[in-house]
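J.: Please find the sequence and the predicted model below.
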Amino acid sequence: MLQCTAVTLLPPDAVARLTAPGTDTPDNPEPYVLCELGTHDDRHPEHAAHLRPGRTPDAPALWFFWTGSAPDRTHRTTLAPWCPAVLRHLDSGPLQRCAYADHHTPPHSWDVTDPLGDLLAQHLTTDDSPEG
Ligand SMILES: [Zn+2]
Ligand SMILES: [Zn+2]
């Protein structure tokens, strides 16, 4: 399944939480966020973007959830627990944890592909090639 293509501008309060003293995020975080879920329909209108990890890898992380687009957008910035799903590779591979917040719309993160991200990764890999 392809990744949702929704993009939204973070409200000032969410940006403020990213730049709060004691966090190791840049002074000017990118104010736009992408929905990270797989494509979802109107029955599941809420988009989700991961903002910042918790204090430990298992701790709830800061997420931005929004529905609709400006000027009718509704949103919330909240700490959300991780989806408990784990993908088990039978051939000795590492376990892969779902990268979404709990109660997200299906499917889990490992079934979602991001064509743009893959394209960028491919481009970077090509640029790194010593054969140039
Ligand atoms: Zn979405
Ligand atoms: Zn999941």
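T.: Okay, I see it. Ligands and ions are numbered 1, 2, ... in the order given.

J.: hey, let's count contacts and neighbours off CA atoms from now on
T.: Fine.

J.: Now do the strands in this protein.
T.: For the chain, applying DSSP state E gives strands covering 7-9, 32-34, 46-52, 61-67, 74-80, 86-87, 96-97.

J.: will you turn those strands into TSV that also has mean pLDDT and mean neighbour count?
T.: Formatted as TSV, the strands of the chain follow (pLDDT from 0 to 100; neighbours: other C-alpha atoms under 10 Å):
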stretch	mean pLDDT	mean neighbour count
strand 7-9	93	16
strand 32-34	91	15
strand 46-52	95	21
strand 61-67	96	20
strand 74-80	95	16
strand 86-87	92	13
strand 96-97	90	14
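
J.: Tell me the residues of the protein that contact ligand 2?
T.: Cys83, Cys98, His108 (C-alpha under 5 Å from the ion).

J.: Swap in 6 Å and give it another go.
T.: By C-alpha under 6 Å from the ion, the residues of the chain that approach ligand 2 are Cys83, Ala85, Cys98, Tyr100, His108.

J.: Around the first one, how many other residues sit close by?
T.: Summarising burial for Cys83: neighbours were counted as other C-alpha atoms under 10 Å, giving 17.

J.: With that, I have no additional questions.
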